[in-house]
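S.K.: output the structure for:
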Amino acid sequence: MEQYVIKGGNPLVGEVEIGGAKNAALAILAAAIMTDETVTIENLPNVRDINALLEVMEEIGARIDRVDAHTVKVNGSYVKEVPVDHDSMKKIRASYYLLGALLGKYKRAEVILPGGCNIGSRPMDLHIKGFRALGAHVEIRNGAVAAEAEHLKGNHIYLDKVSVGATINIMMAAAMAEGKTTIENAAKEPHVVDVANFLNSMGANIRGAGTDVIRIVGVKRLHKTEYSIIPDQIEAGTFMFAAAATKGDVTVKNVIPKHLEATTAKLLEVGCEVEELDDAVRVVASKPLKNTQVTTLPYPGFPTDMQPQMTVVLGTACGTSTVTESIFENRFKYVDELTRMGASVKVESSIAIITGVDHYTGARVSALDLRAGAALVIAGMAAEGVTVIDDIHYIQRGYENFEGKLRGLGAQIERVETEKEIRKFRFKVS
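M.R.: Numbering: from 1, shown residues only. The predicted structure follows:
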């Protein structure tokens, strides 16, 4: 089992390049099989979730050509197996995007209920509601969601709760339905817009993505395209918060600053300097950090995927801060690990009350999910002494070459597999 071993205490300094958005890429890859022509996707992050989905797509017959680590060609004309029950599906939450893609193209789909990080309930009810509104018969059987329709017909769909997954899935199915579909209370996240732009580049007719009302006029077929995925705002935010926690000076390159406004606002509140450039953001943490209050909200609010990283930053800020999690009910499980490193955090229902401490200390901790794992890496870099993080396969689901990029900023971090390698690292940095 691979682990990270980190010697903390070094400010992160320098420049780091951000890759393509994982959450956009997963949906776009699924949507790529909706045409029988070859689609080229660029700026693809080379992470485990992406590779698992590509494996699933190959299993059902799609032709996958990995041009290089960040470019793939997809041809969906060979898809032959609509039931999708590959073991890899259990590892990634966003595998459910194959439902909307297959239902839109073939008018039938059966996909095993997905897995991913255990951060709380993420039910399929809104997805199912949307598919049924388009005329599909949907049921859950043998651990899978099965949907089928003679014809998909456009409809007016109101989402009872803002849901990125349901918005994207319904949008994909409706793109090839007959007539007009309106999705109200739609999610506005940048990757929703990216998926809509990708579908439009294939000939779909989608308007309003990025607002809470999306209007879709169905088309009979989609065609080939070449498309580059947007930068990953969560990877960018993670490095921005790493700069804050380590009292560093980091320029995060290849980003869209507007997508980072909520993250930037909180960094300014805690006392960092933030400089926005055309496609980069520089974060300088030269002063003691100040306390603040944070509540996670759907975009353009503060992202739930940045909540653990924010908590780590506030853990060494002066005074008492609060972080309220309004999206997922299970997202504070990492707090016990953080307290092993000396943090003072008390969780009451959906609120973490954080009393700032002078510093973290190295400890052995476990990554319990993707973003919490990244947050513990940040804590390890800010800590005195050596930190060992187990179960880093969660982190590798969403961060490409994480340790390499951190080393490029001056971090002392290595990926190891044995206790002997950990001892060797301790000896080297002592």
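S.K.: quick one: low-confidence ranges for the stretch 251-400 of the chain?
M.R.: Within the stretch 251-400 of the chain, no stretch falls below the threshold (pLDDT under 70).
S.K.: now the helices for the chain?
M.R.: Along the chain, counting by DSSP state H, helices occupy 22-31, 48-59, 97-106, 125-133, 164-174, 190-201, 233-245, 261-269, 307-314, 335-340, 370-382, 393-396, 402-407, 419-429.
S.K.: what would those helices look like in a markdown table with mean neighbour count and distance to residue 149?
M.R.: C-beta: built from backbone N, CA, C; applies to glycine. Formatted as a markdown table, these follow (neighbours: other CB atoms under 10 Å; distance: least, CB to CB, whole Å):
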| stretch | mean neighbour count | distance to residue 149 |
| --- | --- | --- |
| helix 22-31 | 28 | 18 |
| helix 48-59 | 20 | 22 |
| helix 97-106 | 27 | 7 |
| helix 125-133 | 20 | 8 |
| helix 164-174 | 28 | 9 |
| helix 190-201 | 23 | 19 |
| helix 233-245 | 28 | 35 |
| helix 261-269 | 18 | 38 |
| helix 307-314 | 29 | 38 |
| helix 335-340 | 19 | 45 |
| helix 370-382 | 29 | 34 |
| helix 393-396 | 20 | 37 |
| helix 402-407 | 18 | 42 |
| helix 419-429 | 13 | 54 |
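S.K.: quickly, which of those bottoms out on average pLDDT?
M.R.: Ranked by mean pLDDT, the helices of the chain end with helix 48-59 at the bottom, a mean of 91.
S.K.: export the helices of the chain to TSV and tack on distance to residue 351?
M.R.: As requested, the helices of the chain are exported to TSV (distance: least, CB to CB, whole Å):
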stretch	distance to residue 351
helix 22-31	26
helix 48-59	30
helix 97-106	32
helix 125-133	26
helix 164-174	23
helix 190-201	27
helix 233-245	20
helix 261-269	16
helix 307-314	11
helix 335-340	11
helix 370-382	17
helix 393-396	24
helix 402-407	29
helix 419-429	36
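S.K.: and the ones you listed: which comes nearest residue 254?
M.R.: Of all these, helix 233-245 sits nearest to residue 254, with 8.4 Å by CB to CB.
S.K.: could you list every helix and strand in contact with that closest one?
M.R.: helix 22-31, strand 249-253, helix 261-269, strand 280-284, helix 307-314, helix 370-382 (3 or more CB pairs under 8 Å, 6 or more residues apart in numbering; DSSP states H and E).
S.K.: between those, which one is nearest to residue 201?
M.R.: helix 22-31 (10.1 Å).
S.K.: quick one: contacts of the closest one?
M.R.: 41, 44-45, 47, 49-50, 53-54, 57, 72, 74, 92, 94-95, 97-98, 100-101, 164, 168, 172, 189-191, 194-195, 198-199, 202, 227, 229-230, 232, 234-235, 398 (CB atoms under 8 Å, 6 or more residues apart in numbering).
S.K.: likewise stretch 423-430?
M.R.: For stretch 423-430, contacts defined as CB under 8 Å, 6+ apart pick out 5, 7, 386, 412, 414, 416.
S.K.: quick one: which of the residues you listed has the most company?
M.R.: Neighbour counts for the contacts of stretch 423-430, by other CB atoms under 10 Å, peak at residue 5, which reaches 24 neighbours.
S.K.: and the gap between it and residue 84?
M.R.: 38 Å (CB to CB, to the nearest Å).
S.K.: circling back to that earlier point, is it possible to export the helices and strands packed on helix 233-245 to TSV including distance to residue 405?
M.R.: TSV is the format used below for those (distance: least, CB to CB, whole Å):
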stretch	distance to residue 405
helix 22-31	15
strand 249-253	10
helix 261-269	18
strand 280-284	15
helix 307-314	15
helix 370-382	11
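S.K.: select, out of those, the one closest to residue 14.
M.R.: Using CB to CB, the nearest of the helices and strands packed on helix 233-245 to residue 14 is strand 249-253, at 6.6 Å.
S.K.: run the chain-centre distance for that closest one.
M.R.: Relative to the centre of its chain, strand 249-253 is centred 20 Å away, using CA atoms, centre = their mean, to the nearest Å.
S.K.: would you mind pulling up the elements that that strand packs against?
M.R.: Against strand 249-253 (3+ CB pairs under 8 Å, 6+ apart) you get strand 13-17, helix 233-245, strand 280-284.
S.K.: distance to residue 271 added to these, as TSV?
M.R.: What follows is the helices and strands packed on strand 249-253, written out as TSV (distance: least, CB to CB, whole Å):
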stretch	distance to residue 271
strand 13-17	18
helix 233-245	9
strand 280-284	10
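S.K.: closest to residue 394 out of those?
M.R.: Closest among these, using CB to CB: helix 233-245, at 13.6 Å.
S.K.: can you state the direction angle for the closest one and helix 22-31?
M.R.: 170 degrees (axes from the mean of the first three to the mean of the last three CA atoms, to 10 degrees).
S.K.: could you dump helix 233-245 to CSV, C-alpha only?
M.R.: Output in CSV follows, covering the C-alpha atoms of helix 233-245 (Å, rounded to 0.1, in the frame of the first residue of the first chain):
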residue,chain,number,x,y,z
GLN,A,233,-10.5,24.8,-10.0
ILE,A,234,-10.2,22.3,-7.0
GLU,A,235,-6.6,21.4,-7.8
ALA,A,236,-5.9,25.1,-8.2
GLY,A,237,-7.6,25.9,-4.9
THR,A,238,-5.7,23.1,-3.1
PHE,A,239,-2.3,24.6,-4.1
MET,A,240,-3.6,28.1,-3.2
PHE,A,241,-4.5,26.9,0.3
ALA,A,242,-1.2,25.0,0.5
ALA,A,243,0.6,28.3,0.0
ALA,A,244,-1.5,29.9,2.8
ALA,A,245,-0.9,27.0,5.3
